[in-house]
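**Q** Need coordinates for the following:
(2 chains)
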Number of protein chains: 2
Amino acid sequence: MNVRASRLLPCLSWLRHYDRQAAGKDLTAALIVTLMLIPQSLAYALLAGLPPVSGLYASILPLLAYTLFGTSRTLAVGPVAVVSLMTATAIAPWYPVGSAEYIGAALLLAALSGAFLLLMALLRLGFLASFLSHPVISGFISASALLIALGQLKHLLGVSLQSDNAPALLAELVTALPQAHAPTLAIGGTTLLFLFLARTRAGRLLQALGLRAGLAATLTRIAPVFALLVAIAVVTLLDLDERGVKVVGAIPQGLPTFTLPPLDLQLAEALLPAAVLISLIGFVESVSVAQTLAAKRRERIEPNQELIALGSANFAAALSGGFPVTGGFARSVVNFDAGAQTPLAGALTAIGIGIAVLFFTPLFRNLPHAVLAATIIVAVLSLVDLTALKRTWQYSRQDASAMIATMLGVLVIGVEVGIVLGVGLSLLLFLWRTSQPHMAVVGLLPGTEHFRNVERFPVRQSPTVLSLRVDESLYFPNARYLEDRVAALIEARPGTRHLVLMCPGVNLIDASALESLEAIAQRLHAAGVQLHLSEVKGPVMDRLRQAPFLHHFGGQVFISQYEALKALDPAFITSVHTATGERTAGIAQRGVNDAHSS
Amino acid sequence: MNVRASRLLPCLSWLRHYDRQAAGKDLTAALIVTLMLIPQSLAYALLAGLPPVSGLYASILPLLAYTLFGTSRTLAVGPVAVVSLMTATAIAPWYPVGSAEYIGAALLLAALSGAFLLLMALLRLGFLASFLSHPVISGFISASALLIALGQLKHLLGVSLQSDNAPALLAELVTALPQAHAPTLAIGGTTLLFLFLARTRAGRLLQALGLRAGLAATLTRIAPVFALLVAIAVVTLLDLDERGVKVVGAIPQGLPTFTLPPLDLQLAEALLPAAVLISLIGFVESVSVAQTLAAKRRERIEPNQELIALGSANFAAALSGGFPVTGGFARSVVNFDAGAQTPLAGALTAIGIGIAVLFFTPLFRNLPHAVLAATIIVAVLSLVDLTALKRTWQYSRQDASAMIATMLGVLVIGVEVGIVLGVGLSLLLFLWRTSQPHMAVVGLLPGTEHFRNVERFPVRQSPTVLSLRVDESLYFPNARYLEDRVAALIEARPGTRHLVLMCPGVNLIDASALESLEAIAQRLHAAGVQLHLSEVKGPVMDRLRQAPFLHHFGGQVFISQYEALKALDPAFITSVHTATGERTAGIAQRGVNDAHSS
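**A** Residues are numbered from 1 along each chain as shown, chains lettered A, B, ... in the order given. Next up, the predicted model:
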């Protein structure tokens, strides 16, 4: 088989070994995921400000695209909560919710997101996702989930709210509380309670009633479908839709037709930042869950190929009346637990949703918004992880501050501002950290050939040779700090004749740092001090040999700090040895216990 | 003396030891710098789009402010070419050159720049300057200098040009060439030639005529003043101003009066990005020359105090009819060479300019623009360093590409776009580099306790224990790479039961990396592999102890990789030793030659 083809189309390799047993497992998993996906896809379309059927459309073709191109065997692609919120946030300022332009903009957003993902794959820009640090992502997800839950409360209460930030939403909710629509609240509240109990208690209850653990878990997973059906029955029987309970209404029947996003360059430019953020967040979340699940079966996913697969899925969404999609956490776990063996489970799910959209949409006519809102609230509240904030705070105040900035930004200003704030702050903090790397003046530990931090160990220093150990790669964020530090040290030690930079922790010297080294060498020279290097790593040395620096800086590159001192101040070495008289013993002891020094 | 006071006012410490000898040297230096500064300050005001007298004003109070607060004994503060260009670029889109609003905007820009510098000092944000890598700064200075020189050619030709980017300027120049104004071109061309010869040949010529080297050098430095005086005489005698040679015109006589920048918030918001860039570029350039000069006398400057001094100088400029200032390279070198002993030389220069503005401004009435343009061209062309591009290219293509992006941005689009492009690209490249840190699978070097890269050394590996050495701190840009790498390794080696991450090069583990380690440990666990760490540095270990990770990841932290293998696969250690039988000898040899391994 052609290796290139099977790299681009991973399905070629697993299809070869496909058998009846795998098909059976995939089919079971697909059935469960379909039942879980129906209410979720309707609900997330609502969250995105789109007609419910868009959620079903976004759960057909995109899943088939992922089956063709994806490397994860269990990732369940489709509409997800956070991306749906981001979709609404991106389009709402442009068009009224529900308008044809709004729906078109959602297609365009999916197409842009698909294009950006494919561009990242093509240019190998997957590393851009590293901009999103864990605390920023975690804070973003938690805050978005809270914001989504808050926003859904209006459907539960049957009131209408305008705000899009948490404090204003809260204030509006409090004032709107007396106007709550009782029948809506009754249905929504009951559903919410039921879904919470299903999630937390039902598993054990069903097992107590004699069901197998696996079946009990499956039943709790598809609890939303029961809720949906019961609610539809209640609304229909009691004619609640005519008594003010908002329902989904008529959903068109039939498979999605071919759609083209509007070719509006101005709109495309305006939506681009949102598309980039949606792509990055979607990619990071998707890869993270896919990796976790793959590892459990000692399989592996290929992040660059995932970009292609998610990009294609979004293009498929744009061409079939959907909106941006990505790999969902909860559904993927269910898919995995239900025993999905190959991405074909995804294709079977797509067929399941296809059957639903072909035959069952009339059933959803009387589905109340409040029930969908309850589904969303229960789904997203499981994404809120406030203990992560506490853990991060304990580990690192700096990382926690980036997390808090993200959360506050999302809750108070908006999802995009929040993530930009968080990324900006973590970059700043990162640069600040790297801009002041750990450096230590070191001295000889008597009786050994070791050089250790003078502030931590009883070491001896040469009066004329200053030994400075650099514990970080040298690049532009810290190049000037090195200059400042050396200048301060030399001014404080007028007797210095040689400065040896000890570089065992230096993995890179970039052009900025090289310039700084040149400047340091020159300035030291002017002050009557010679610069030397020691313990330079192989690849760093290879690079340095390409620059004129080594030829004209006037100093030497020593293989070790000890060799440097032997050459530059032999009298000092002799005096230390005479004082301790333990040289030979010292050498034999060296080594293992270097590890925990600093 | 109060230490705090002398830290904030460094002049308190040097004034105590001030004596007649220092005063004499300072006076000589101040005289030479004054003569050099007069034409430059007039010319740079012209370049900034301001009336010539603004240049003189910007050379009085700001210099006194720096004398009070500065830590460099020889830095010469005042208008400089690149900052003047940036001033013009920032204000030109807002007001017509020469209008009162334009002059007010220049005051506001100086005030904003002063405020930002003081803010940086207060919040210890000096590290922000590290965003500007050496290649970006160098490319920016060279390209700006080229752009300035190109822009001045119109004054030399006596034509008017509209463009503000290099390609358009060149095109305009070619078409405008036939309209060149002959008398202007004659004066400008002659001055240019004279100044070039003065800079390149005059020193040796004067020495050949019997002058002392020092005096000869000084004379060449103040050659622009001669040129100025001769040109004024020629214009006056031949009435050239009436024959179309553009002259400076009447310059108001008298010291600057107190000015207040306009309190226009909208304008302030628009000028802020330019003010930030001007502050950063000015600070970096100023500190770099100050450090170089200080080192020659084994003195030291204090970067944070320099922020205060430059901030005050810019405030002083805003309050006295000036425009943004910073430490100039050429003038500082002249000041140093002329023997300036203390910052008082700067104050004396300010007095010199004060005398000029009080008594000599009528003299400059007939000074031709063409002569000032020639002064600028000669001054800025010495800033163009194209060999830096070649050197950087040879050392690192990546750094060179950031430099090229900056240069092209400046020349083709604009100074601000150029620097933003360069900084953005160097940040991206930096993240890209750190996002793929060097990691090596290592094995035991027979006969030693060393673990080395399996791709470079004839080492032996345990079939069940995988040793992976990480040569970089672990933080968010590379946390996910580690996850991918580990996943790939484990998939490729199904026999693995333990993975030991060897961390001698890890100086930091941030919250993101900690999450990744948790994820890795969990995924490995699911795949039946246990994660361990070895050779973790002291400060990293201290931090890790604050996190629950160490308690629940299930593995151990070994003091060395060798200890790890002894514990996890003792049979492997025995088999290697049996095969080589050199264990004891090996231990004694270890150590020094670790340096160049990788």
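**Q** ok, which stretches of the stretch 351-500 of chain A are helices?
**A** With helices called from DSSP state H, counting those that start in this stretch, the stretch 351-500 of chain A shows them at A:369-381, A:386-395, A:397-408, A:415-435, A:476-492.
**Q** Using TSV, please lay out those together with mean pLDDT and mean neighbour count.
**A** (Glycine included, C-beta is placed from N, CA and C.) As requested, the helices of the stretch 351-500 of chain A are exported to TSV (pLDDT from 0 to 100; neighbours: other CB atoms under 10 Å in any protein chain shown):
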stretch	mean pLDDT	mean neighbour count
helix A:369-381	91	26
helix A:386-395	90	17
helix A:397-408	92	23
helix A:415-435	85	21
helix A:476-492	87	21
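**Q** Of the ones you listed, which is nearest B:G151?
**A** Of all the helices of the stretch 351-500 of chain A, it is helix A:476-492 that lies closest to B:G151, at 29.5 Å by CB to CB.
**Q** how many degrees apart are the closest one and helix B:415-435 in direction?
**A** Interaxial angle, helix A:476-492 versus helix B:415-435 (axes from the mean of the first three to the mean of the last three CA atoms, to 10 degrees): 90 degrees.
**Q** Could you point out the longest helix of chain A?
**A** helix A:265-296 (DSSP state H).
**Q** Would you mind naming what in the stretch 251-400 of chain A lies close to chain B?
**A** Within the stretch 251-400 of chain A, the positions adjacent to chain B are A:284, A:287-288, A:291-292, A:294-301, A:303, A:391-392, A:394-396, A:398-400 by CB under 8 Å from any CB of the partner chain.
**Q** try 10 Å
**A** The stretch 251-400 of chain A comes close to chain B at residues A:284, A:287-288, A:291-304, A:388, A:391-396, A:398-400, as judged by CB under 10 Å from any CB of the partner chain.
**Q** Specify the local secondary structure of A:T67.
**A** Put simply, A:T67 is helix when judged by DSSP: H, G, I helix; E, B strand; the rest coil.
**Q** Name the nearest residue to A:H181, ignoring sequence neighbours.
**A** Leaving aside its sequence neighbours, A:H181 sits nearest to A:G158 (CB to CB, 6 or more residues apart in numbering or on different chains; 3.0 Å).
**Q** buried set for the longest helix of chain A?
**A** Neighbour-count burial for helix A:265-296 flags A:267-268, A:270-272, A:274-295 (criterion: 16 or more other CB atoms under 10 Å in any protein chain shown).
**Q** Nearest to chain B: which residue in the stretch 201-350 of chain A?
**A** A:A295 (3.1 Å; CB to the nearest CB).
**Q** Double-check that residue against B:A488; I have them as touching.
**A** No. Counting by CB atoms under 10 Å, A:A295 stays clear of B:A488, with 11.4 Å between them.
**Q** can you give me the strands for the stretch 151-300 of chain A?
**A** Taking DSSP state E, counting those that start in this stretch, the stretch 151-300 of chain A contains no strands at all.
**Q** Could I get the full set of helices for it?
**A** With DSSP H, counting those that start in this stretch as the criterion, the stretch 151-300 of chain A has helices at A:166-176, A:182-197, A:203-208, A:213-221, A:223-238, A:265-296.
**Q** quick one: contacts of the shortest one?
**A** So that's helix A:203-208. A:L197, A:A198, A:L211, A:R212, A:A213, A:L215, A:A216, A:A217, A:T218, A:L219, A:T220, A:R221 (CB atoms under 10 Å, 6 or more residues apart in numbering or on different chains).
**Q** Next, the contact list for the closest residue in space to the second one that isn't next to it in sequence, please.
**A** Nearest residue to A:A198 in three dimensions, chain neighbours excluded: A:A223, at 3.6 Å (CB to CB, 6+ apart). Residues in contact with A:A223 (CB under 10 Å, 6+ apart) are A:L35, A:M36, A:P39, A:T191, A:F194, A:L195, A:L197, A:A198, A:R199, A:A202, A:T375, A:V378.
**Q** Kindly provide the distance from the last one to chain B.
**A** I take that to be A:V378. Using CB to the nearest CB, to the nearest Å, A:V378 is found at 25 Å from chain B.
**Q** What confidence value was assigned to the nearest residue to that residue once chain neighbours are set aside?
**A** Computed as CB to CB, 6+ apart, the closest residue to A:V378 that is not its neighbour in sequence is A:L195, at 4.3 Å. A:L195 carries a pLDDT score of 91 in this model.
**Q** Then A:I587?
**A** A:I587 carries a pLDDT score of 40 in this model.
**Q** still on that earlier bit, downstream of the longest helix of chain A, the next helix or strand is which one?
**A** helix A:303-319 (DSSP states H and E).
**Q** That next one versus helix B:476-492: what angle between them?
**A** Following the same axes, to 10 degrees, one obtains 110 degrees for the angle between helix A:303-319 and helix B:476-492.
**Q** List the buried residues of helix A:303-319.
**A** By neighbour count on 16+ other CB under 10 Å, the buried set for helix A:303-319 is A:303, A:305-319.
**Q** and it, what's its mean pLDDT?
**A** The pLDDT scores in helix A:303-319 average 95.
**Q** State the next helix or strand along the chain beyond it.
**A** For helix A:303-319, the succeeding helix or strand toward the C-terminus, using DSSP H and E, is strand A:326-328.
**Q** what's the angle from whatever helix or strand comes next after that next one to helix A:369-381?
**A** As assigned by DSSP H and E, the chain's next helix or strand after strand A:326-328 is helix A:329-337. Angle between the axes of helix A:329-337 and helix A:369-381 is 80 degrees (criterion: the same axes, to 10 degrees).
**Q** okay, helix A:329-337 in PDB with CA atoms only?
**A** The C-alpha trace of helix A:329-337 is given here as PDB (Å, rounded to 0.1, in the frame of the first residue of the first chain):
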ATOM      1  CA  PHE A 329     -14.800  15.700  25.400                       C
ATOM      2  CA  ALA A 330     -17.900  14.000  26.900                       C
ATOM      3  CA  ARG A 331     -19.100  12.400  23.700                       C
ATOM      4  CA  SER A 332     -15.600  11.000  22.900                       C
ATOM      5  CA  VAL A 333     -15.400   9.400  26.300                       C
ATOM      6  CA  VAL A 334     -18.800   7.800  25.900                       C
ATOM      7  CA  ASN A 335     -17.700   6.600  22.400                       C
ATOM      8  CA  PHE A 336     -14.600   5.100  23.900                       C
ATOM      9  CA  ASP A 337     -16.400   3.500  26.900                       C
END
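**Q** quick one on the thing from earlier: dump the residue contacts of the residue of the stretch 201-350 of chain A closest to chain B.
**A** For A:A295, the contact set (CB under 10 Å, 6+ apart) comprises A:301, B:483, B:486-487, B:490-491, B:519-520, B:522-527, B:529.
**Q** With A:P324 instead?
**A** With contact set as CB under 10 Å, 6+ apart, A:P324 has these partners: A:48, A:58, A:62, A:79-80, A:83-84, A:86-87, A:90, A:106-107, A:109-114, A:274-275, A:278-279, A:282, A:310, A:313-314, A:317-318.
**Q** in chain A, which segments are predicted with low confidence?
**A** Chain A contains residues with pLDDT under 70 at A:1-3, A:580-598.
**Q** mind listing what's buried in stretch A:165-176?
**A** A:N165, A:A166, A:L169, A:E172, A:L173, A:A176.
**Q** possible to save those as JSON lines with distance to chain B?
**A** Output for these, formatted as JSON lines (distance: CB to the nearest CB, whole Å):
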{"residue": "A:N165", "distance to chain B": "23"}
{"residue": "A:A166", "distance to chain B": "24"}
{"residue": "A:L169", "distance to chain B": "29"}
{"residue": "A:E172", "distance to chain B": "31"}
{"residue": "A:L173", "distance to chain B": "33"}
{"residue": "A:A176", "distance to chain B": "37"}
